[in-house]
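A.B. asks: how does the following fold in three dimensions:
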Amino acid sequence: MANPKGNPENLKKFTTDREEPLTEKMNIRMTKTMKEEVQQQHNPPEFCKEAIQEKLDRNKGQE
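C.D. replies: Numbers count the residues shown, from 1 in each chain. Modelled structure (predicted):
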């Protein structure tokens, strides 16, 4: 049974304009200092995705 106080907008499917949807999750370990610095960024999740992508692209160039 649906929550009578719930918001029907929350039931709509999420859509994205990215060429590849973000469907996967990963947990990482980092120092407390690193975590604090990342959390100070404007958009921490996007910051992390961009940093990882930059490193992956750099590694592709070395192969």
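A.B. asks: distance of the residue most central in space within the chain from I52?
C.D. replies: Central residue check for the chain by Cα atoms, centre = their mean: the C-alpha nearest the mean position is that of P45, 4.1 Å away. Spatial separation of P45 from I52 under the definition Cβ to Cβ, to the nearest Å is 11 Å. Where you see a C-beta, it was placed from the backbone N, CA and C, and this is true even at glycine.
A.B. asks: what is in contact with those two at once?
C.D. replies: Listed as contacting both P45 and I52 by Cβ atoms under 8 Å, 6 or more residues apart in numbering is no residue at all.
A.B. asks: work out for me the element T23 sits within.
C.D. replies: Element membership for T23 (DSSP states H and E) is empty, with no helix or strand holding it.
A.B. asks: ditto for D57
C.D. replies: Applying DSSP H and E as the criterion places D57 in helix 44-62.
A.B. asks: could you do I28 as well?
C.D. replies: Here I28 sits in a region with no helix or strand, counting by DSSP H and E.
A.B. asks: that one: neighbour count?
C.D. replies: Applying other Cβ atoms under 10 Å, we find 8 other residues in the vicinity of I28.
A.B. asks: start the count at 26 instead of 1 going forward.
C.D. replies: I'll keep to 26 as the first residue from here, and by that count the last item is I53.
A.B. asks: ok so, going back, OK, contacts around the residue nearest to the centre of the chain?
C.D. replies: With contact taken as Cβ under 8 Å, 6+ apart, P70 is in contact with no other residue.
A.B. asks: before we move on, back to that, tell me the mean pLDDT for the helix holding D82?
C.D. replies: Mean pLDDT, helix 69-87: 93.
A.B. asks: and that helix, how far out from the chain's middle?
C.D. replies: The chain centre lies 12 Å from the centre of helix 69-87; the measure is Cα atoms, centre = their mean, to the nearest Å.
A.B. asks: could you do stretch 77-88 as well?
C.D. replies: Stretch 77-88 has its average C-alpha position 19 Å from the chain's average C-alpha position, going by Cα atoms, centre = their mean.
A.B. asks: what number of residues lie near R83?
C.D. replies: A count of neighbours around R83, defined by other Cβ under 10 Å, yields 9.
A.B. asks: where's it relative to A76, distance?
C.D. replies: For R83, the distance to A76 under the criterion Cβ to Cβ works out to 11 Å.
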